[in-house]
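1. Based on what follows, work out the 3D shape:
(one chain, ligands or ions: 2)
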Amino acid sequence: MQYISTRGGIDPVPFTKAVMMGLADDGGLLLPRTIPRIGSDTFGQWKDLSYPKLAFEIMSRFIDDIPGTDLRDIISRSYATFDTEQVIPIIHQGPLHIMELFHGPTLAFKDVALQFLGNIFEYLLEKDDSVMNILGATSGDTGSAAIYGVRGKERINIFILHPHKRVSKVQEKQMTTVTDSNVFNIAIRGTFDDGQAIVKAIFNDLDFKEKQHLGAINSINWARVLAQVVYYVHACLHISSHENDKATDFSVPTGNFGDIFAGYIAKRMLPEGTIRKLMLATNSNDILSRMVSNGDYSLGDVVATSSPSMDIQSASNFERYLYYLLDKEPNRTNQAMMQFAETGEINLTDFKDQIQRDFITEKATEEDVSTCIRDFYKQYGYIMDPHTAVGVHCALKHQEKGIPVCCLATAHPGKFGDTVEAAIEKPLELPDSIAVLMEENRESRCELMDADRNDIQEFVKKHSKHNC
Ligand SMILES: Cc1ncc(COP(=O)(O)O)c(C=O)c1O
Ligand SMILES: N[C@@H](CCOP(=O)(O)O)C(=O)O
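-> Ligands and ions are numbered 1, 2, ... in the order given. Alright, predicted model coming up:
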């Protein structure tokens, strides 16, 4: 399998190079040259596979430059850190299927891909006897999952930018109380979008990228998307065996467009009609919702909400979808992205029909989110986090009679305890890993910096790991 850039400016590369490259060297995003198709027979044979075995079946269709035995080992180690043997339980609650993606070490869906990516990096660096300096931006969950994915790994230093005071208390503590010497947290005076733009600008300095051995853990990195494709297939297998092979809709709370893009890839891979509709749910940062409703992909200000991890306007992975929307023409994708960089908008009104064939959308206000958490708890006794509630709100509004809907539960409610407790009007029982974090006097480490690309680049240079 070869990987190409959405902007067409690099020669195709195999999986391992794509993972190490992160952002494509022409500023675009990497995609597999073709999306493998899964026939109905093969899909049927996967029904009883464990999660790691299913992950191997899917990933090995995209990875042909890591020996099978090594890939199996990497996958099985990655999911052994989850707190349940099922890895990703799917439960039936009221009218919905809820896929709980938060059973990994940092209690959010990011662990599913970042446990895997941390192990892939370690494996490839050992092979090459090399080192890596990871640079990433987070609105709260990617950062901690990436840190937990690589903490203590000898060949890796990690630098994570998060927006100062715009992440939840638990998210902040999860990141900053990891005091391993290879972990550097930077709180920036700015938004997640500012952090992501700085990360991309630094990656685009190819000389710096090469000299500092930069690596990417954001969904810029194809391996992130790939690991997330697996759980859509897992859910389809589960639901088709419980609901007589019915086509399934998915509702996905969306910020950087990575998770829902993984669903889009799964839809194109699986037998026709296995996934019916993808519901794209946003909070008040609704650029993606406006794009689906009327083709208007135009930046607004980032506003702070109770689902802070989705307080994003400039959705990184949108470029990958745009590439397919523009008939896989890199020149057109490049032009559109250049225009977006200049004007902050892309007019997609001519593509509205296609976009609406791919997605249904809904935007949840702050009131919608707390009402959804409260009512779902009252009716079914199930407690969800505010990001999950954005998706559940959308699912309940758009569910069609007789069509199963699977909602992605992207974080544990305890990560956003204040919002959840206010909605359900009672204290939450916190998992031990959160209770420990909130103990007083825990040592923590974080630099506060302006959202200044040069300062951050200098900081990374000063603290970066080098080959011996
Ligand atoms: C808890 C949670 N839910 C949903 C999302 C949205 O995922 P994506 O950015 O892949 O669209 C994020 C991060 O953005 C998140 O951290
Ligand atoms: N919600 C994310 C934002 C970064 O998205 P990514 O999927 O590109 O890493 C976060 O929690 O940081």
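
2. near ligand 1, which residues of this structure?
-> Along the chain, the residues adjacent to ligand 1 under the rule C-beta under 6 Å from any ligand atom are 108, 139, 141, 219, 253-260, 309-310, 387, 410-411. C-beta coordinates here come from the backbone N, C-alpha and C atoms, glycine included.

3. list the buried ones in stretch 326-341?
-> For stretch 326-341, the buried set under the neighbour-count rule, 16 or more other C-beta atoms under 10 Å, comprises 326, 330, 333-334, 336-337, 340.

4. quick check: mean pLDDT across it?
-> Mean pLDDT, stretch 326-341: 98.

5. what does the stretch 301-450 of the chain put close to ligand 2?
-> Within the stretch 301-450 of the chain, the positions lying close to ligand 2 (C-beta under 6 Å from any ligand atom) are 309, 316.

6. which two in the buried residues of stretch 326-341 are spaced the farthest apart?
-> Farthest apart among these by C-beta to C-beta are 330 and 340. That separation is 15.2 Å.

7. Give the buried residues for the lowest-mean-pLDDT helix or strand in the chain.
-> The least trusted helix or strand in the chain, going by mean pLDDT, DSSP states H and E, turns out to be helix 432-437, with a mean of 93. Within helix 432-437, the residues that count as buried by 16+ other C-beta under 10 Å are 434, 437.

8. Can you report how many residues lie near residue 431?
-> Other residues lying near residue 431 total 16 when counted by other C-beta atoms under 10 Å.

9. I meant residue 37, not that one.
-> Burial of residue 37, expressed as a neighbour count using other C-beta under 10 Å, amounts to 12.

10. could you measure the residue lying closest to it once chain neighbours are set aside against residue 372, distance?
-> Nearest residue to residue 37 in three dimensions, chain neighbours excluded: residue 269, at 6.3 Å (C-beta to C-beta, 6 or more residues apart in numbering). Relative to residue 372, residue 269 is positioned 31 Å away (criterion: C-beta to C-beta, to the nearest Å).

11. neighbour count winner among the two?
-> Each of residue 269 and residue 372 has its neighbours counted (other C-beta under 10 Å); residue 372 has more, 24 against 20.

12. Name the residues that touch the helix or strand where that one lies?
-> Under the criterion of DSSP states H and E, residue 372 resides in helix 366-380. Helix 366-380 is contacted from outside by 93-94, 283-284, 305-307, 364, 382-384, 386, 389-390, 392-393, 396, 419-420, 422-425, using C-beta atoms under 8 Å, 6 or more residues apart in numbering.

13. what does stretch 299-308 give?
-> Identification of contacts with stretch 299-308 by C-beta under 8 Å, 6+ apart yields 139-140, 166-168, 171, 191-193, 253, 283-287, 311-314, 344-345, 366, 369-370, 385-387, 389-390, 416, 419.

14. So for it, mean pLDDT?
-> In this model, stretch 299-308 carries a mean pLDDT of 96.

15. Check the offset of that stretch from the chain's centre.
-> Averaged C-alpha coordinates place stretch 299-308 at 17 Å from its chain's average position (C-alpha atoms, centre = their mean, to the nearest Å).

16. Could you list the buried residues of it?
-> 302, 305-308.

17. Also stretch 201-217?
-> When neighbours are counted by 16+ other C-beta under 10 Å, the buried residues of stretch 201-217 are found to be 202-203, 209, 212-217.

18. And stretch 63-78, by the same measure?
-> Taking 16+ other C-beta under 10 Å as the neighbour-count basis, stretch 63-78 is seen to contain the buried residues 63, 66, 71-72, 74-78.

19. How about residues contacting that stretch?
-> Counting by C-beta under 8 Å, 6+ apart, stretch 63-78 makes contact with 1, 14-16, 52, 55-56, 59-60, 115-116, 118-120, 123, 226, all of which sit outside it.

20. For it, list the C-alpha coordinates in CSV.
-> Extracted in CSV, the C-alpha atoms of stretch 63-78 (Å, rounded to 0.1, in the frame of the first residue of the first chain):
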residue,chain,number,x,y,z
ILE,A,63,0.2,-1.8,6.1
ASP,A,64,2.4,-4.0,4.1
ASP,A,65,5.9,-3.0,5.3
ILE,A,66,5.7,-4.3,8.8
PRO,A,67,5.9,-8.1,9.2
GLY,A,68,2.6,-9.7,10.3
THR,A,69,4.0,-11.2,13.5
ASP,A,70,5.4,-7.8,14.6
LEU,A,71,2.1,-5.9,13.7
ARG,A,72,0.1,-8.5,15.7
ASP,A,73,2.3,-8.0,18.7
ILE,A,74,2.1,-4.2,18.5
ILE,A,75,-1.7,-4.3,18.2
SER,A,76,-2.1,-6.7,21.1
ARG,A,77,0.2,-4.7,23.4
SER,A,78,-1.7,-1.5,22.5
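
21. Which residue ranges of the stretch 351-468 of the chain form strands?
-> For the stretch 351-468 of the chain, strands defined by DSSP state E, counting those that start in this stretch occupy the ranges 359-363, 405-409, 447-450.

22. no wait, the stretch 151-300 of the chain
-> Secondary structure of the stretch 151-300 of the chain by DSSP E, counting those that start in this stretch: the strands cover 156-163, 183-189, 214-215, 248-253, 275-282, 296-298.

23. what's the answer for the stretch 1-150 of the chain, then?
-> Per DSSP E, counting those that start in this stretch, the stretch 1-150 of the chain carries strands over the ranges 2-5, 13-14, 30-32, 90-93, 96-100, 132-137.

24. distance of the closest residue to ligand 1 within the stretch 1-150 of the chain from residue 309?
-> For the stretch 1-150 of the chain and ligand 1, the shortest gap (C-beta to the nearest ligand atom) falls at residue 141, measuring 3.4 Å. As defined by C-beta to C-beta, residue 141 lies at a distance of 5 Å from residue 309.

25. What residues are bridge-paired with residue 100?
-> According to DSSP bridges, the partner residues bridging residue 100 are residue 409.

26. Number of residues surrounding it?
-> Counted with other C-beta under 10 Å, the neighbours of residue 100 add up to 21.

27. May I have the residues that are in contact with it?
-> With C-beta under 8 Å, 6+ apart as the criterion, the residues that contact residue 100 are 88-91, 409.
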